[in-house]
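**Student:** need coordinates for the following:
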Amino acid sequence: MDAVTDSPLAFVTLPLVELRQPLALNHFKQAVLGARHRPGQPQAAEVMNAFAEAGMQGCPDERTWTGWFKERPRRARRDSVAKLDGYFEQRTGLSGSGPTVLPRRAPSSTFYVDLIEAGLVEELLRRTTAKPPIKTLLYRAFEYEPTSPSHLHLDALECAALPFDGGEGKCDTVKALAAQRVLALIYERWKPKAGSIYRQLSSSLKLRSNRSDDQTRKEIREGFAHSIPDRFEVKMKEAPAPDWRGIGVSEDFAPGDIHKVLLLLAAETEFLIDDRFDAWVIDLVTAGVAAYSLAQTNPHTIDTWGFNPICKYWHAIRTLFFADECDIRVEEDLEYAFSLIGGEFSIDVQRNLFVARKKYWEWLENLGLSARRISDLAYFRTLNPLVFVGG
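**Tutor:** Numbering: from 1, shown residues only. So this is what the prediction gives:
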């Protein structure tokens, strides 16, 4: 990888193959095979049949596909991975929502190529002749847009895997810019009223209709038909929104607080259902990892009180999603962190967060990964609670 001129990161090896390749291949296989998908197994014959049924030309052969799933896998070439995107171009794409379902995409999509080869950190580390390179890095970070929440999640994990100097060197510059961009992108998705995520989620009426039997759905439709104008279609497409005030969050919260806000959103039980819950889970973990990465790069000063909210926040996120702690220990960490960032911990909050952990682990498992492997590849560490780390 060509790195930023004179940067210590020129010798950094990112977990592109170890992390991105199995995620992309298992994601594709799950989308193609559905319930027949077996995480981490090539299932080459079934995949080859799927390519043949789609009329694909020049797709990866069975030997190449199997080699990508070995303990020490071959590196998948870009032109071969592009055939995975070509499969869905041929089949006109898949529809769906949530972090594990491939959304409908334009024919020019490079979803899988981007999963394996592209990313925010990769973009920031491209060589530049600018001296100093900071303006170029700022521009690249600002211009970067991920293909999906899964891509953004990988960006956060790679950001965490970058080394850091404690606020003194170029490593911190790249790491901080990447973390800030991830948090900014998640804020753009979830900011009150104007967030891009809401129009992608099911309306309350649609969820109600989906959960009803035929007779109830008929009654719902007839109820709207009696009104003038009939607003049934409008309500079915209406973007939902959390009750921010109900959970004690000001609607003008700062973008830099999005990681804490998403944790506090665990209290919004009426909003967090079905596809809304799935969307929240992946962004909650992504924001937590990005906040951790940013905290690593900030100057350290002693906190005489012996604790800091960002340290306790990360400790709670880490123990919930990336450690094998017992439930009672995790609950204690969550309750403490939740109260420090201004929330009121409750049974509903606890339940939502433990369900979030289960869903995240299932998501990783279906992609041939595990929380432990993620933690090892991203070098997750506990932030020292005796040190104030800004954020």
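**Student:** quick one: the strands in the chain?
**Tutor:** 300-302, 387-389 (DSSP state E).
**Student:** just the C-alphas of stretch 116-130, formatted as PDB.
**Tutor:** Only the C-alpha atoms of stretch 116-130 are listed here, as PDB (Å, rounded to 0.1, in the frame of the first residue of the first chain):
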ATOM      1  CA  ILE A 116     -12.400  -6.000   0.100                       C
ATOM      2  CA  GLU A 117     -10.200  -3.300  -1.400                       C
ATOM      3  CA  ALA A 118     -11.600   0.100  -0.500                       C
ATOM      4  CA  GLY A 119     -12.100   2.000   2.700                       C
ATOM      5  CA  LEU A 120     -11.500   5.200   4.600                       C
ATOM      6  CA  VAL A 121      -8.100   4.300   6.000                       C
ATOM      7  CA  GLU A 122      -7.000   3.000   2.600                       C
ATOM      8  CA  GLU A 123      -8.000   6.300   1.100                       C
ATOM      9  CA  LEU A 124      -6.200   8.400   3.800                       C
ATOM     10  CA  LEU A 125      -3.000   6.400   3.400                       C
ATOM     11  CA  ARG A 126      -2.700   6.800  -0.400                       C
ATOM     12  CA  ARG A 127       0.600   8.600  -1.300                       C
ATOM     13  CA  THR A 128       0.500  12.300  -1.700                       C
ATOM     14  CA  THR A 129       3.300  14.700  -2.600                       C
ATOM     15  CA  ALA A 130       1.700  17.600  -0.700                       C
END
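**Student:** what's the end-to-end length of stretch 365-373?
**Tutor:** 11 Å (CA to CA, to the nearest Å).
**Student:** list the contacts of residue 39.
**Tutor:** 26, 30, 365-368 (CB atoms under 8 Å, 6 or more residues apart in numbering). Where C-beta positions appear, they are placed from N, C-alpha and C, glycine not excepted.
**Student:** list the contacts for the closest residue to it other than its chain neighbours?
**Tutor:** Ranked by CB to CB, 6 or more residues apart in numbering and with sequence neighbours excluded, the top spatial neighbour of residue 39 is residue 368, at 4.6 Å. Contacts for residue 368 (CB under 8 Å, 6+ apart) come out as 22-23, 25-26, 39-40.
**Student:** same thing but 6 Å
**Tutor:** 22, 26, 39-40 (CB atoms under 6 Å, 6 or more residues apart in numbering).
**Student:** any idea of the mean pLDDT for stretch 27-44?
**Tutor:** The average pLDDT within stretch 27-44 is 93.
**Student:** circling back: need the max-distance pair from the contacts of residue 368.
**Tutor:** 22 and 39 (8.9 Å; CB to CB).
**Student:** what's the closest of the contacts of residue 39 to residue 78?
**Tutor:** residue 26 (18.7 Å).
**Student:** right, and the closest one touches residue 367 too?
**Tutor:** Yes: here residue 26 reaches residue 367: they are 4.4 Å apart, a contact under CB atoms under 6 Å.
**Student:** give me the residue at the spatial middle of the protein.
**Tutor:** In the chain, the residue lying closest to the centroid (CA atoms, centre = their mean) is residue 153, at 3.3 Å.
**Student:** what's it in contact with, if anything?
**Tutor:** Here residue 153 is in contact with 282, 286 (CB under 6 Å, 6+ apart).
**Student:** mind checking pLDDT for residue 127?
**Tutor:** 79.
**Student:** pull the number of nearby residues for it.
**Tutor:** Per other CB atoms under 10 Å, the neighbour tally for residue 127 reads 12.
**Student:** ok, now residue 75?
**Tutor:** Applying other CB under 10 Å, I find that residue 75 has 12 neighbouring residues.
**Student:** pLDDT wise, what is it at?
**Tutor:** For residue 75, the predicted pLDDT is 86.
**Student:** which of the contacts of residue 39 are buried?
**Tutor:** 26, 30, 366-368 (16 or more other CB atoms under 10 Å).
**Student:** follow-up on the earlier one: from residue 35, how far off is the residue nearest to residue 39?
**Tutor:** 16 Å (CB to CB, to the nearest Å).
**Student:** so what are the domain limits for this structure?
**Tutor:** 8-187, 202-238, 246-389 (automatic domain parsing).
**Student:** ranking those domains by mean pLDDT, which is last?
**Tutor:** domain 202-238 (a mean of 74).
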